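Novice: after the sequence you'll find the predicted model.
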Amino acid sequence: MSQNSNKPIESEQEIERKRLFDDAMIKLEENALRLQQYRDQQAEQVNTEIKRESNELITVYMILLLLLLLLLIAFIGIAIYVISSYGIVVALLGIFAFTIVGGLFIAIFGTPEEKAQTAFGSLNPLMNCPHCNASGNIRTKPITVKKGISGGKATAGLLTGGISLLAVGLSREEKSTQAHCQKCNNTWQF
């Protein structure tokens, strides 16, 4: 007997099953390949969109930077013109008036949070109010407080005949912290 006779003969059903399995594997590989191509296309579209948006964002930032630069140049030109035409005092008064107008703008049109931030500083959630023991409602900001007479300023005033006192004053300044409780509306310094 030959060796082929020892192998069992495959039935038609097994042959059909193998053929269907091979067809299914081929279709599965084709679907996997299509899925990968679809993912690659989607990734390419997302990358293209990200590049387009970042280019637009860079363009907007460049325009804003250019406008800011032009505004700064205009401000410097106006300051030079005012100083040369009217003197330093008028220029300082203009800067002071600009600061006041900005503060009034926030006071009139700002949100309550911006108004509180401007008036009393940032919220300090760890502090407790010594008056009402509330926590999380305390706003703090650094301030300078005038205290007593500065010996150095008095001496400089004597040496300059009092002219330096017009610019700097006579009182001594110390750094301090102002705290304000939003619950009981008390303000104190430490």
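Specialist: Everything's here; your move.
Novice: could you use CA atoms for every contact and neighbour count after this?
Specialist: Fine.
Novice: stretch 27-44: how far from the chain's middle?
Specialist: Offset of stretch 27-44 from its chain centre (C-alpha atoms, centre = their mean, to the nearest Å): 41 Å.
Novice: just stretch 65-84 next, same as before
Specialist: Offset of stretch 65-84 from its chain centre (C-alpha atoms, centre = their mean): 26 Å.
Novice: flag the shaky bits of the chain, pLDDT-wise.
Specialist: 1-10, 103-111, 114-115, 118, 146-154, 156-158, 161-172 (pLDDT under 70).
Novice: the strands in it, which residues?
Specialist: For the chain, applying DSSP state E gives strands covering 122-124, 138-149, 171-181, 187-189.
Novice: can you give me the neighbour number for residue 71?
Specialist: By the measure other C-alpha atoms under 10 Å, the count of residues near residue 71 is 12.
Novice: swap that for residue 121, sorry
Specialist: That count, for residue 121 with other C-alpha under 10 Å as the rule, works out to 18.
Novice: burial measure for residue 122, as a count.
Specialist: By the criterion of other C-alpha under 10 Å, residue 122 has 17 neighbours.
Novice: need the contact list for residue 179.
Specialist: By C-alpha atoms under 8 Å, 6 or more residues apart in numbering, the residues touching residue 179 are 120, 138, 139, 140, 141, 187, 188, 189, 190.
Novice: report the beta-bridge partners for the fifth one.
Specialist: Beta-bridge partners of residue 141, counted by DSSP bridges, are residue 178.
Novice: for it, give its distance to residue 186.
Specialist: 14 Å (C-alpha to C-alpha, to the nearest Å).
Novice: cool, the first one as well?
Specialist: Taken as C-alpha to C-alpha, the spacing of residue 120 relative to residue 186 amounts to 11 Å.
Novice: pick out whichever of residue 141 and residue 186 has more residues nearby.
Specialist: The neighbour comparison of residue 141 against residue 186 (other C-alpha under 10 Å) goes to residue 141, with 18 against 14.
Novice: what about that one, distance to residue 183?
Specialist: Counting by C-alpha to C-alpha, the gap from residue 141 to residue 183 is 17 Å.
Novice: and if you look at residue 66?
Specialist: Distance, residue 66 to residue 183, using C-alpha to C-alpha: 45 Å.
Novice: which of these two has more neighbours?
Specialist: Taking other C-alpha under 10 Å, residue 66 and residue 183 do not tie; residue 183 has more neighbours (15 against 12).
Novice: which residues touch the residue lying closest to that one once chain neighbours are set aside?
Specialist: Nearest residue to residue 183 in three dimensions, chain neighbours excluded: residue 137, at 6.4 Å (C-alpha to C-alpha, 6 or more residues apart in numbering). By C-alpha under 8 Å, 6+ apart, residue 137 lies in contact with 123, 124, 125, 128, 181, 182, 183.
Novice: let's go with 10 Å and repeat that
Specialist: By C-alpha atoms under 10 Å, 6 or more residues apart in numbering, residue 137 lies in contact with 123-129, 180-185.
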